[in-house]
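**Q** Generate coordinates for the sequence data below:
(chains A and B)
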Number of protein chains: 2
Amino acid sequence: MNYFSSNFKLGILGGGQLGKMLLNDTRKFDIYTCVLDASNEAPCKIASNEFHLGDLLDYDAVYNFGKQVDVLTIEIENVNVDALEALEKEGVKVYPSAKTLRTIQNKATQKLFYVDNDLPTAPFTRFAYLSEIEDAIENGGITLPFVWKAAQFGYDGNGVKVVRVLSDLEGLPKGECIAENLVPFKNELAVIVARNASGEIKTFPVVEMEFHPEANQVEYVICPARIDNDVAKKATEVALKVSKAFNHVGLLAVEMFQTENDNILINEVAPRPHNSGHQTIEANYTSQFEQHLRAILNLPLGRTDSKVGGVMVNLVGAEGHTGNVVYENIETIMKMNGVTPHIYGKKQTRPFRKMGHVTIVNKDLNEARRVAEDVKKVIKVISD
Amino acid sequence: MNYFSSNFKLGILGGGQLGKMLLNDTRKFDIYTCVLDASNEAPCKIASNEFHLGDLLDYDAVYNFGKQVDVLTIEIENVNVDALEALEKEGVKVYPSAKTLRTIQNKATQKLFYVDNDLPTAPFTRFAYLSEIEDAIENGGITLPFVWKAAQFGYDGNGVKVVRVLSDLEGLPKGECIAENLVPFKNELAVIVARNASGEIKTFPVVEMEFHPEANQVEYVICPARIDNDVAKKATEVALKVSKAFNHVGLLAVEMFQTENDNILINEVAPRPHNSGHQTIEANYTSQFEQHLRAILNLPLGRTDSKVGGVMVNLVGAEGHTGNVVYENIETIMKMNGVTPHIYGKKQTRPFRKMGHVTIVNKDLNEARRVAEDVKKVIKVISD
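**A** Numbering: from 1, shown residues only, chains lettered A, B, ... in the order given. Predicted coordinates for the structure are as follows:
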């Protein structure tokens, strides 16, 4: 099959910002694309060849969409996996596989997968209901503090809470969850692994997610991570082991903790282009989006190393602003050294909604990091 | 006006590959785009917000299209300039200006502009009809050999011929033309100048167009050019003078000759993103397309220097092949170091048609140049 001439169709489940950035590179390779999304205002509505309206969790919507394409990929994990399984049986190439997605969609299953495959992760206990946690504490099964995580449908920090006292459990969703040991760590790291169907594997450089000292929120993604070579090597090895355990095709973003003893523990994975790889567009030889395409189309993978140092800052909706979005001071940051804003095209802002990101590149990574701080101080995503 | 929220419309005249690459960056900035093109199969049909069918040389088509947008730009020079003049009078921002386009569209007028503005260019004579050339030779007004250039509608080497003997004139178009002195040169160079409406100016690094030793055809665009610093400085100064003479807004690509005495002579200009700047997508801090947008939207201009060395190879249709395009061996070149193909999405190939380009980047420019040679040997644009 030749992807570079007609008759081939790539399907993408989800029409958000990741899909939008993926579409840019499908255009570069002239790949015919079909996108399924529930919103008529999805950023992928333009730049795809065909835009289909439909619910990603609906069996029929996903199945009927998938029947029309040759290769099916995702830009969001919450899709109907039963439909993907049926499509796989009928010969559609689905990357990531239904099996991988089923494992990843549920955080308890995902953690058990690491244990079963001898992959390092923080100790944890699974609970069918939130109410079971209290008993477990009373019986000494688990001890405070710990990290509560909802098993399903967590997104961008939702569904995760550090529980220090029992009352912290109040108001949390009642369903399946895990309690994970609170492991002190020095750094949160991530490695994106790319693997194509022929088994060729490449990893992007280890990145560092720098946290705000007080807000405990990722402020900057820094590439390459400012860590020792042996830690970077260890993190890369762990990420490769995870990719192999899943027999994964496409991108797999592996988020990890570097503990105070320089051990690497897997936090969670995403089987698709990921927020921790946005800076690759400007900073690396091959962007994560191009690499995902190369992988799922079984093309040779591109170089993953850095051309220059890169720092990524998310543009999220400011607190207290809901409505038509305005990017205040965007012209000011565009004057700064090596700054490129990426605006995702969502019309409405609300607090903490991901509205875009800004990449800052420089041969001197420290200078890029310094400019990133200026960017973060100046730009505001508000409503009009 | 805020380009980063709604109600702003950018119009692009022409829906070919330059427009397509420009659209990629409009997506990054979430700019609403309208494209006018005569072909329903234009590469810009997707990725624009609105695609309008119409003849770019038709007054009404261009005028009616232009009335709907706030800023109007081009990706091809052959458009109806009378309509642009009318639109300018009615408040549409047209970049490049109607006046600039009128000067550039006619090569005789363009050459006279250089003379009038004391800009260096090879000596030439204008003729209203081809038939006048023979008389001029007989009268000693011009001497063989010289370069014949059609005044209008030349494109990609069409409309240019070295005339060594009188019979070389046979079969050439009969209309307005110029006869230019054949100046021996060492290198063909190009500089892309960006200027925004506020007058901020930046230049991209000087590039070198390397010619095939026998075919006299540009084979590689090499950035930065492998020339002495003082020659690069001189070429950049000349390009800046041209941009100022036009009072240009947007990109102006200035093609120049480096003579055997290291003088710089202007060959011709293009008031838009240009083939000599495609490698900026991968090799420079800001791509020419993003820079064109920044310039015409009066945003701050981005850094123009190189992240890494870049070499660009055009993918043109092979001789003897007309029909549905196939990119033979594209997977082989994608295995090579630092190689990214750009496929323009034209369905039909024909001999010498520009179907795409390939960028090769490397920190070592000589290595990129070596890989480029392999790319050129291996990939073939043929029909099925």
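**Q** In chain A, where's the longest helix?
**A** Longest among the helix segments of chain A by residue count, using DSSP state H, is helix A:229-246.
**Q** Buried residues, it. List them.
**A** The neighbour-count check on helix A:229-246 (16 or more other Cβ atoms under 10 Å in any protein chain shown) flags A:231-232, A:234-236, A:238-246 as buried. Backbone N, C-alpha and C define where each C-beta goes, glycine included.
**Q** May I ask you to confirm that residue A:314 belongs to a strand?
**A** Yes. Assessed with DSSP: H, G, I helix; E, B strand; the rest coil, residue A:314 lies in a strand.
**Q** Can you tell me the SS state at the nearest residue in space to it that is not next to it in sequence?
**A** Of all residues not flanking residue A:314 in the chain, residue A:357 sits nearest, at 5.2 Å (Cβ to Cβ, 6 or more residues apart in numbering or on different chains). When classified by three-state DSSP, residue A:357 comes out as strand.
**Q** Domain ranges for chain A, per the record?
**A** Chain A breaks down into these domains under automatic domain parsing: A:9-94, A:123-181, A:185-383.
**Q** what's in contact with stretch A:238-245?
**A** A:113-114, A:117, A:119-120, A:191-193, A:195, A:201, A:203, A:248, A:252, A:254, A:256, A:264, A:266, A:269 (Cβ atoms under 8 Å, 6 or more residues apart in numbering or on different chains).
**Q** just to revisit the earlier point, as a markdown table, the domains of chain A with distance to residue B:133 would be great.
**A** Below are the domains of chain A laid out as a markdown table (distance: least, Cβ to Cβ, whole Å):
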| stretch | distance to residue B:133 |
| --- | --- |
| domain A:9-94 | 44 |
| domain A:123-181 | 70 |
| domain A:185-383 | 50 |
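**Q** possible to save those domains as JSON lines with mean pLDDT and distance to residue B:298?
**A** Output for those, formatted as JSON lines (pLDDT from 0 to 100; distance: least, Cβ to Cβ, whole Å):
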{"stretch": "domain A:9-94", "mean pLDDT": "96", "distance to residue B:298": "24"}
{"stretch": "domain A:123-181", "mean pLDDT": "89", "distance to residue B:298": "35"}
{"stretch": "domain A:185-383", "mean pLDDT": "96", "distance to residue B:298": "9"}
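**Q** how about the ones you listed, which one is nearest residue A:102?
**A** The closest of the domains of chain A to residue A:102 is domain A:9-94. By Cβ to Cβ, the value is 4.9 Å.
**Q** Excluding chain neighbours, what is closest to the residue minimising distance to the centre of chain A?
**A** Centroid-nearest residue in chain A, with Cα atoms, centre = their mean: residue A:274, separated by 3.2 Å. With Cβ to Cβ, 6+ apart as the criterion, residue A:274 has its nearest non-adjacent residue at 3.4 Å, and that residue is residue A:253.
**Q** what angle sits between the helix or strand where that neighbour lies and helix A:229-246?
**A** For residue A:253, the host element (DSSP states H and E) is strand A:250-259. Between strand A:250-259 and helix A:229-246, the angle comes out at 130 degrees (axes from the mean of the first three to the mean of the last three Cα atoms, to 10 degrees).
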